[in-house]
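Undergrad: Provided below are the primary sequence and the corresponding predicted coordinates.
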Amino acid sequence: MKNILKKYQLFLMGALIFLVCFLAYGKILGMYFYLEDYLILHSIQHPNSPSAGYGSGIVGRPYGYAVTPFIPFYYLFKLNPFGYYLVEIILYFLAAIAVYYLVLTLTKNKNASLGSSLIFASGYVGSESLYRLAVGWQNIFAAIFISLSAAFYYRYIKNPSLKSYILAFFIYLFTSEFSFYRAHGIVLIVLSLEILFNFKPIKSLIRMIPFALSYWYFYVYSIRDFMSPGSTSATLLHKIFAERHYNYLLVPLKTLENLFVPDKINLPLFIFLAAFLVALAWKRNKTLIYCLIFTAANFLVYFYYSPGSPQETAQRYLLVSYVGAASFWGIFLDKVFSNKLKYFLSCSVILALNLGFSHKEQINILQNRSKPSARFWQDMRSQVASLPEHSAIYIDSKNDGVSKPARDAAVGAGSMGPTTSFAAYYGIDWTDIYLAETFSELLEFIKDGQVLPKNVYTFFYSKNEGLVNTTDLTKEALAGTKSASSFKSLSDISLPYSSPLLLDFSSDVRLISSSLEYSKEKVDLPRYLQFLNSKVRYYKNVSASSTTQVRYSEIKNIIDENAETSWRADDLDWANSHKEEVILDLGETKTVGGILIIPASIARTPSKYTYECSQDRVTWDSLGSYDRKVEKVDEFLDKLKVSTCHFIKLTISATERNGPPQISEIVIIEDGFADLNVDHADKIEADPFRFVSSQEDINVLHKYLNESGASGEICINTDKQANKRTCTKHNFKLGINNDSVFIDQGGKLLQNVEIKLPSQLQIETKNPIIRYLTFKELNKLDYITKYED
């Protein structure tokens, strides 16, 4: 038996390492394409496209080599992800073998080599790499080549010869070329070998010159046109020392901890550092120090460019560093436990933790990303056999918190547009497809002549029900071939729809005087009602412009009476200038006394800003400067120096957490109302009877309601909403009137419509008729708006 084990020792050892690799990552065989994977597929399908390999083509630096290894396998597996993930597991096995070879070269110890290899094979550290093929293959190749680079240079140190030096240098060059984007730390890995194991000042300098020059060529000279390490260094130092972000100095130490101890264990950093220093002092060994340098060299560059937060254990960028960490563990435990059984038992503890964390992570990805993505594309390809060039697609999704993320994961393509995934499946270029984020944008493609109406496709997606094709219904509605439908009641409609509708009905709104109760709290109700009327005039006349805006968060959202929408400035422009201007054209000259701002988020709320006033938009007078601390997302009123203005300019120079500013609503308050309680005004708008405290108030309110109507809400219930209804403000006149309500696209079934009014008002609706709005009607309603960045 011993002879058999000895004879097949290498085979059995390899089988054991492969078994651990399979236990760690076997579940990825059920995963689906994700993000940059579609860039790889599209690049192979369109090798001459300007976007192939992120613009680098399918061969070459800096990104082309990410595509190159996939080329032969594409012609074998096509669009079946199973084969690619199987190859990835095999590649990871080869990386584990490379770890074995590296440690064996450094220590001549087979136990330490096997233990290190098994720890690496158990995964979890850097595991995100293997859940994204495009990233995984690239990182695994880097781990293999860097391990071999270190091993062959160490072999040269132990057996110096020109031949072994040239071989080591060739592997170093090959690694720098082929794994360019993941081999940033390779020069430190080789340099530390020379210093630790072979240092002779003059000779070491001469030996290192070719390595240093080639590194300078690859990582400084060749990328000079699109990288600026000098400015990055200055920025990093300024952040740490000038801005006193001393906590940044702990970031690489926390990342180091996450490499050795999974972050899910939540071990305090000071305990890890103390234990780590004790271990190094206890087992003083150059090889352990080298493994530590190997580990750090491959993640410090990511800290250099993103110093704000440590990298999590599973972060894809840590896979190469894990070679050093696994080697450290294997060698260190071998020095602690001389008994082979105790040694491998100690290694098995690390294996068990890594396998447990990996399995939990992979099950989550399979359930929430891969399986929904596979079903999405199965549905899509079965419902749309072919996709002509210059097609436009709109995929609405259920608002349940899980369907939209699942949809986005299925179609997303990383830094490439999401049409890349459609291009990969339908064999056309990604620029020949349009994917609309909103229904309005879909119609914009038709209006601008980018697509023909016959090449429009619409769908509704939910994670539980899958993809439903609504294309035929949409085309019929937009063309005007769908007839109107009448209903007995708004509470029971059940109308299939996939495009905007118009609801017409007659309403009879009556005041129930007997239900009125006097409020103990007295307010100046007439002034509050006048203020509400001034808000109506404001929204009717105001228009807005800004220095920048982003798609789907345009400046028009800042004056749309909807706190759910918002305007946001452009990220890049803000990062460069830290200045953003918003100009409001009031449409008339007003005496201004205050400005009400409704923020969209704490992080992007303006914290340092100024207001200016103008009559002609040429000459501006200051209204005041503000520097505030924002602690919660809540509306706030800035009281101004009373001025007569036709234009108001808001200039923002800082936000609460330095991101580009984002505001939901901005309301200009006339001087006569600047002292009113904003919270009271909101309550009166929602319920004008809330603060009625006398007969005089009732008389004033009657007059107001007869002239201005009552503010209510119309809530649209569709299958798009899981729990939350879509409610919009609507002004109801007292008495019998004909009302019309625009119902925007959202879902595939309109279930019912609910009207909400203050309890003192009673409404009766009759003769509800719903009709599908045509493309021409939507265009006349200015529903089709051009999105501009």
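TA: Received, thanks. Residues are numbered from 1 along each chain as shown.
Undergrad: which strands and helices lie in contact with the strand or helix carrying residue 208?
TA: Element membership of residue 208 [criterion: DSSP states H and E] is helix 201-216. In this structure, helix 201-216 makes packing contacts with helix 162-178, helix 186-198, judged by 3 or more Cβ pairs under 8 Å, 6 or more residues apart in numbering; DSSP states H and E. Using the backbone N, CA and C atoms, a C-beta is placed for each residue, glycine as well.
Undergrad: most tightly packed of these?
TA: helix 186-198 (a mean of 20; mean count of other Cβ atoms under 10 Å).
Undergrad: and it with helix 162-178, angle?
TA: Angle, helix 186-198 to helix 162-178, by axes from the mean of the first three to the mean of the last three Cα atoms, to 10 degrees: 150 degrees.
Undergrad: report the distance from helix 186-198 to the chain centre.
TA: 39 Å (Cα atoms, centre = their mean, to the nearest Å).
Undergrad: now the helices and strands packed on helix 201-216 as CSV including distance to residue 581 and mean pLDDT?
TA: Formatted as CSV, those follow (distance: least, Cβ to Cβ, whole Å; pLDDT from 0 to 100):
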stretch, distance to residue 581, mean pLDDT
helix 162-178, 46, 88
helix 186-198, 46, 89
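Undergrad: of those helices, which is nearest residue 554?
TA: Shortest distance between residue 554 and those, using Cβ to Cβ, is found for helix 162-178: 44.3 Å.
Undergrad: for that closest one, name the packing helices and strands.
TA: helix 133-158, helix 186-198, helix 201-216.
Undergrad: export that helix as PDB, just CAs?
TA: Provided in PDB are the C-alpha atoms of helix 162-178 (Å, rounded to 0.1, in the frame of the first residue of the first chain):
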ATOM      1  CA  LEU A 162      23.000  33.300 -17.300                       C
ATOM      2  CA  LYS A 163      20.400  30.800 -18.600                       C
ATOM      3  CA  SER A 164      18.300  30.800 -15.500                       C
ATOM      4  CA  TYR A 165      18.500  34.600 -15.200                       C
ATOM      5  CA  ILE A 166      17.300  35.100 -18.800                       C
ATOM      6  CA  LEU A 167      14.500  32.500 -18.200                       C
ATOM      7  CA  ALA A 168      13.400  34.400 -15.000                       C
ATOM      8  CA  PHE A 169      13.500  37.700 -16.800                       C
ATOM      9  CA  PHE A 170      11.600  36.300 -19.800                       C
ATOM     10  CA  ILE A 171       8.800  35.000 -17.500                       C
ATOM     11  CA  TYR A 172       8.800  38.400 -15.800                       C
ATOM     12  CA  LEU A 173       8.400  40.200 -19.100                       C
ATOM     13  CA  PHE A 174       5.700  37.800 -20.200                       C
ATOM     14  CA  THR A 175       3.800  38.400 -16.900                       C
ATOM     15  CA  SER A 176       4.100  42.100 -17.200                       C
ATOM     16  CA  GLU A 177       2.800  42.000 -20.800                       C
ATOM     17  CA  PHE A 178       0.000  39.400 -20.600                       C
END
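Undergrad: domain-wise, how is the chain divided?
TA: Taking automatic domain parsing as the reference, the chain has its domains at 2-33+79-362, 384-469, 485-515+705-780, 525-679.
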